[in-house]
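Asks: Model the structure of this input:
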Amino acid sequence: KQLTTKTNQEGKRTTVTKLAKNKVKLNTKSAATKKSSYGDHECKYVNIVPQVRNLSPVDVNPCSYKSVVEVLLSIGEQTGIHKYGNGDRQWVPVVCDGVPFSLAKRIISSTYRCLLCNEKAIIGQGLLEKHLSDKHAEIEEEEIGEAFESEFDWVMLVPGSGHIEMNMLKSLNELDFEIFWKEILRALDFTSDKALQYAKKVSDHHKGMEVVTVAHRAVTDELVREYVITKLKDKGNILELSAADFFKFINQAKNENCTLVADLVFELIDSLLLFRLGVRTGCLDRIDSGIAKFAKLWCGRPHPIYRELETTYAAMRERIPEELIPLLTLCLSVNMKGEEFTAEGIDFRVEENNQQIQPLVGRNATFWDWLIASINFKILNSLRSKTFEDMQIKDPKESASHHHSDDYLIPHEKKVRKVIRSSKY
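Replies: Now for the predicted structure:
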């Protein structure tokens, strides 16, 4: 289940709900190992391609307690949660990000349903006590605990891994743009002030990740080169070179810039790329390690929402039953193509669906336009695919999303290495 937003004609943010329903038994027997730009890694759940369908959108802005409650109630009713009388489902994972995640976390722990009159979504202890005193003053004090229950005890709150990656990258840029990224970007021909500001804001996430990949490889190669040259100059044996000795060399380097850049690359950028690799391969251990290692940046700088998100996720990982691990993994890493290294956060997938709906509703779309387009999106998308198939033309959407090799980054890496070497970090 996924929450996302779009702006309608009245300027309101429309929350579009999605349901990713897995119809395949969860197993890893067909896990594949394939050499790619990500290296030689096992990809899990490649054989599981969820069926995604659009539910009725909710015409609210999910940035207040009241509106998030409305969205969660809509999700519960449309997915057949038992307490809403139209199904027997006991719980459902809900994926969201940022402000909605922070609000939903508080709402889950402080929103109640009265079991005496069945009034739902009573937000906060104060309103609950007022409701009981106004409408049920006759009940005894010892019976109050049995008069209500949690409204949203069925919600399994999961952060959107796509937006976690985006905010990791933005946090990294904000931290050391002036002392590190600016020179890297200039080496990559981002020379004007406008271009540098565009890159600093990470207006294009894919381009931003390409810059990170180039910087990571260039800095790593230069540091290893420096290590090997130094050891050979000291008449060392090339057989004595090792990863442990390399890091010892970095920690003892006299050049403070070298140590600083190494710390940036091997601590923060590595954790971002580890998280990304975990999402691409469906490996929950890599996802967990990437978040945990990167969390020190969120704690050390003003990122309160993602600091809270990380601690909430860590607490959930400690409590979650083992049999639900595959489901959690599929919420964080969904593979819609059935190909290795193409998995992504379900929140990114929903954004992609919304981008495809946008041309159907036009610029001045009303909520009714979004409602009709969302409900009929799957049928319209099937017609589109069938049209290209009948015309024997490859769908341009598939061509654009083809996972290509990243060999084209090599010339850019050479440019950055040249700058690093000439400036001595």
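Asks: could you pull out the helices for the stretch 101-250 of the chain?
Replies: Assigned by DSSP state H, counting those that start in this stretch, the stretch 101-250 of the chain shows helices spanning 125-135, 161-176, 182-187, 193-200, 205-233, 243-251.
Asks: want to try TSV for those, with mean pLDDT and distance to Ala262 as columns?
Replies: Using the backbone N, CA and C atoms, a C-beta is placed for each residue, glycine as well. What follows is these, written out as TSV (pLDDT from 0 to 100; distance: least, Cβ to Cβ, whole Å):
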stretch	mean pLDDT	distance to Ala262
helix 125-135	88	50
helix 161-176	91	13
helix 182-187	92	15
helix 193-200	91	23
helix 205-233	91	6
helix 243-251	90	5
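Asks: and the gap between Leu127 and Cys63?
Replies: 20 Å (Cβ to Cβ, to the nearest Å).
Asks: try Leu330
Replies: In terms of Cβ to Cβ, Leu330 sits 27 Å off from Cys63.
Asks: Between the two, tell me which one has more neighbours.
Replies: Per other Cβ atoms under 10 Å, whichever of Leu330 and Cys63 has more neighbours is Leu330, with 21 against 15.
Asks: quick one: which helix or strand includes the more buried one?
Replies: With secondary structure defined by DSSP states H and E, Leu330 is part of helix 325-332.
Asks: average pLDDT for that helix?
Replies: In this model, helix 325-332 has a mean pLDDT of 88.
Asks: how about whatever helix or strand comes next after that helix: buried residues?
Replies: Using DSSP H and E, the helix or strand that follows helix 325-332 in sequence is helix 346-361. Residues Ile346, Asp347, Phe348, Arg349, Val350, Glu351, Asn353, Asn354, Ile357, Leu360, Val361 are the ones in helix 346-361 that count as buried (16 or more other Cβ atoms under 10 Å).
Asks: which helices and strands sit right next to helix 346-361?
Replies: The contact analysis (3 or more Cβ pairs under 8 Å, 6 or more residues apart in numbering; DSSP states H and E) places helix 346-361 against strand 2-7, strand 13-21, strand 51-54, strand 92-96, helix 161-176, helix 367-390.
Asks: Let me see the mean pLDDT of it.
Replies: pLDDT averaged over helix 346-361 gives 82.
Asks: can you give me the offset of it from its chain's centre?
Replies: Distance, stretch centre to chain centre, for helix 346-361: 16 Å (Cα atoms, centre = their mean, to the nearest Å).
Asks: cool, and stretch 224-243?
Replies: Its chain's average C-alpha position is 40 Å from that of stretch 224-243, according to Cα atoms, centre = their mean.
Asks: likewise stretch 166-179?
Replies: Counting by Cα atoms, centre = their mean, stretch 166-179 comes out at 17 Å from the chain centroid.
Asks: just stretch 86-103 next, same as before
Replies: On Cα atoms, centre = their mean, the centre of stretch 86-103 falls 15 Å from that of its chain.
Asks: Can you measure across that stretch, start residue to end residue?
Replies: Stretch 86-103 stretches 26 Å from its first residue to its last (Cα to Cα, to the nearest Å).
Asks: Give me the buried positions along it.
Replies: Val92, Pro93, Val94, Val95, Cys96, Asp97, Gly98, Pro100, Phe101, Ser102, Leu103.
Asks: Look up phi and psi at Ile81.
Replies: Main-chain torsions, Ile81, degrees, to the nearest 10: phi -70, psi 140.
Asks: I'd like the distance between it and Val60.
Replies: 19 Å.
Asks: How about Trp91?
Replies: 23 Å.
Asks: where does the protein have low pLDDT?
Replies: Applying pLDDT under 70 to the chain flags the ranges 1-41, 44-47, 397-405.
Asks: And for it, the residue most distant from the center?
Replies: With distances taken as Cα atoms, centre = their mean, the residue sitting farthest from the centre of the chain turns out to be Glu138, at 48.9 Å.
Asks: how far out from the middle of the chain is the helix or strand where Ser271 lies?
Replies: Assigned by DSSP H and E, Ser271 falls within helix 270-281. Taking Cα atoms, centre = their mean, one finds the center of helix 270-281 at 11 Å from the center of the full chain.
Asks: Let me know the angle separating that helix from helix 346-361.
Replies: 70 degrees (axes from the mean of the first three to the mean of the last three Cα atoms, to 10 degrees).
Asks: before we move on, back to that, tell me which residues in the helix holding Leu330 are buried?
Replies: Buried, per 16+ other Cβ under 10 Å, within helix 325-332: Pro326, Leu328, Thr329, Leu330, Cys331, Leu332.
Asks: Tell me how far the residue lying closest to His131 once chain neighbours are set aside lies from Ala218.
Replies: Nearest residue to His131 in three dimensions, chain neighbours excluded: Ile122, at 5.6 Å (Cβ to Cβ, 6 or more residues apart in numbering). Counting by Cβ to Cβ, the separation of Ile122 from Ala218 is 57 Å.
Asks: And for Leu327?
Replies: 39 Å.
Asks: How about Arg113?
Replies: Arg113 is 57 Å from Ala218, by Cβ to Cβ.
Asks: and the two? which has more neighbours close in?
Replies: The neighbour comparison of Arg113 against Ala218 (other Cβ under 10 Å) goes to Ala218, with 24 against 18.
Asks: correct me, but that one touches Val416?
Replies: Yes: under the criterion of Cβ atoms under 8 Å, Ala218 is in contact with Val416, at a separation of 3.8 Å.
Asks: between the helices and strands packed on helix 346-361, which one is nearest to Gly278?
Replies: helix 161-176 (8.5 Å; Cβ to Cβ).
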